[in-house]
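Peer 1: Sequence unavailable; structure follows:
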């Protein structure tokens, strides 16, 4: 690029950017562009967005999709006051059940969905274990399933085992929710492989998981 001394006098008097345009094989025409400060100011003004009032909060996910409660044992409305389950001692607060009391403790009581299902003998899920390997290692399998329940129950009071039945060549475990059977099925598959199948009935809010291994 030529120096400022080689430019016409009209260009030397005003600082800024210059641009070279070819007019032939050896001849060029130099024209002045806007000063650098003006270019930066124009670029900044294009990027800035004027907002009025409170800024909008960014939303993640699809705002049209809303979580629907399919469990008939759960209330579709959130209660304003805390409740305590007289059966298991779990506490209801802001739409969720949790372990640990409040200070001061909740005076109102309400049976939680898990205890309600236990009282009605109406499970929400089941795990069916079968096969020769399962029968030979039944105690180990039941210990694994109870460990999965204990881990889940620490964070989710409504995830519990309702009943365990052993008959013939199968082990049947019923649960108070639809999530625990899936956790148990994956734990069995991770530990001993086998064949895992999962079925979820959305209309009836019921999960059935089967795991089989024959050696």
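Peer 2: Structure's in. What do you need? Predicted model, so just to flag it, every value in this text is computed and none were measured.

Peer 1: and residue 116, how many residues sit next to it?
Peer 2: Other residues near residue 116 come to 18 when the count uses other CB atoms under 10 Å. Bear in mind the C-beta positions are built from the backbone N, C-alpha and C, glycine included.

Peer 1: Next: residue 103.
Peer 2: Residue 103, neighbours per other CB under 10 Å, totals 4.

Peer 1: Helix, strand or coil: sort out it for me.
Peer 2: coil (DSSP: H, G, I helix; E, B strand; the rest coil).

Peer 1: From residue 163, how far out is it?
Peer 2: Distance check for residue 103 against residue 163: by CB to CB, to the nearest Å, it reads 35 Å.

Peer 1: And for residue 107?
Peer 2: Residue 107 is 33 Å from residue 163, by CB to CB.

Peer 1: what's the domain layout of this protein?
Peer 2: Domain ranges of the chain: 83-118, 121-212, per automatic domain parsing.

Peer 1: hey, where'd the strands end up in the chain?
Peer 2: Along the chain, the stretches classed as strands by DSSP state E are 18-22, 28-32, 83-84, 91-93, 96-98, 125-130, 161-167, 170-175, 195-201, 206-212.

Peer 1: ranking those by burial, who's on top?
Peer 2: Of the strands of the chain, the one with the most neighbours on average (mean count of other CB atoms under 10 Å) is strand 125-130, at a mean of 23.

Peer 1: Could you point out which residue ranges in this protein have low pLDDT?
Peer 2: 1-69 (pLDDT under 70).

Peer 1: Could you list the buried residues of the longest helix belonging to it?
Peer 2: Criterion DSSP state H: the longest helix present in the chain is helix 138-155. Of all the residues in helix 138-155, those buried under the rule 16 or more other CB atoms under 10 Å are 141-142, 144-145, 148-149, 152-153.

Peer 1: sorry, back to before: could the domains of the chain go into CSV alongside distance to residue 70?
Peer 2: Shown next, in CSV, are the domains of the chain (distance: least, CB to CB, whole Å):
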stretch, distance to residue 70
domain 83-118, 12
domain 121-212, 5
